[in-house]
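Asks: sequence first, then the predicted structure, then my questions.
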Amino acid sequence: AIEFLYGRSNVVILGQDSLDSKFNASLEGALFVFGNEIVSSTNRSTETANKLKAWITESDILIEEKYRVPVVRPNSFNVMLASNDERPVILDADDRRYSIFYADAIGHSITDRLYADFAGAKTQVRAFFDFLLQRKITHNVHKPYTNEIKTTLLEQTPHVSSYKIFIRMVLEDGWLAVSQ
């Protein structure tokens with residue numbers, strides 16, 4: 001549905017593999033990036049979390065394409081991540097980037113009508129777009145929305161610096177196990 005609001009050519013949909021990849025040429029000129037089924041339990045979670053921070057806050061991003069010299073381009077996109085994972089992203093204790101929401105599953109009667117509308121007149125899409133344009137926002141959009149879901153996620157995220165994790169691993173497993 002988001003493609004109807006931004007235009008298909010302005011939306012990039014990434015899976016976890018694409019998000020973890022260093023190659024990101026598809027982001028150039030995008031207006032909306034949707035991360036589908038994102039999880040932070042991969043071995044590259046911290047690297048990916050840092051990449052997302054830059055995508056959300058920086059005015060320019062580095063675009064990398066295979067066999068090309070990386071180039072800096074304006075960052076013009078919004079980011080939305082969706083996941084069924086209990087810990088989709090790694091949050092810093094003082095996170096200021098993410099608003100997190102939980103959504104129940106939508107019933108088949110509603111989704112069937114929406115998909116029929118997407119394929120047809122798009123009356124519901126237009127009504128939703130009009131609703132968004134007319135909606136009065138009372139929350140400061142420059143500050144993330146804080147709710148119980150975000151607080152829970154923050155409590156579940158270990159906030160230990162990487163060097164402390166490294167020291168703990170050396171002490172627990174020994175240098176030879178860590179260095180391999």
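Replies: Yes, it's here.
Asks: residue closest to the middle of the chain?
Replies: With distances taken as C-alpha atoms, centre = their mean, Leu81 lies nearest the centre of the chain, 3.5 Å away.
Asks: what's the spacing between the helix or strand harbouring it and its chain's center?
Replies: In this structure, Leu81 sits in strand 78-82 according to DSSP states H and E. Offset of strand 78-82 from its chain centre (C-alpha atoms, centre = their mean, to the nearest Å): 4 Å.
Asks: how about stretch 130-146?
Replies: On C-alpha atoms, centre = their mean, the centre of stretch 130-146 falls 19 Å from the chain's centre.
Asks: cool, and stretch 70-84?
Replies: Mean-position distance between stretch 70-84 and its chain equals 8 Å (C-alpha atoms, centre = their mean).
Asks: one step back: so which bits of the next helix or strand after the strand holding Leu81 are buried?
Replies: Going down the chain from strand 78-82, the next helix or strand is helix 108-119, by DSSP H and E. For helix 108-119, a neighbour-count test (16 or more other C-beta atoms under 10 Å) marks Asp117 as buried. In this view, the C-beta of every residue, glycine as well, is placed from N, C-alpha and C.
Asks: what's the offset of helix 108-119 from the middle of its chain?
Replies: The mean C-alpha position of helix 108-119 is separated from the chain mean by 25 Å, C-alpha atoms, centre = their mean.
Asks: which helices and strands sit right next to that helix?
Replies: For helix 108-119, the packing partners by 3 or more C-beta pairs under 8 Å, 6 or more residues apart in numbering; DSSP states H and E come out as helix 123-134.
Asks: for the helix it packs on, buried residues please.
Replies: 124-125, 128.
Asks: who's in contact with it?
Replies: Contacts to helix 123-134, defined as C-beta atoms under 8 Å, 6 or more residues apart in numbering, come from residues 1, 4-5, 113-114, 117-118.
Asks: could you work out the most separated pair of those residues?
Replies: Put simply, by C-beta to C-beta the two of the contacts of helix 123-134 set farthest apart are Leu5 and Arg113, 18.1 Å from each other.
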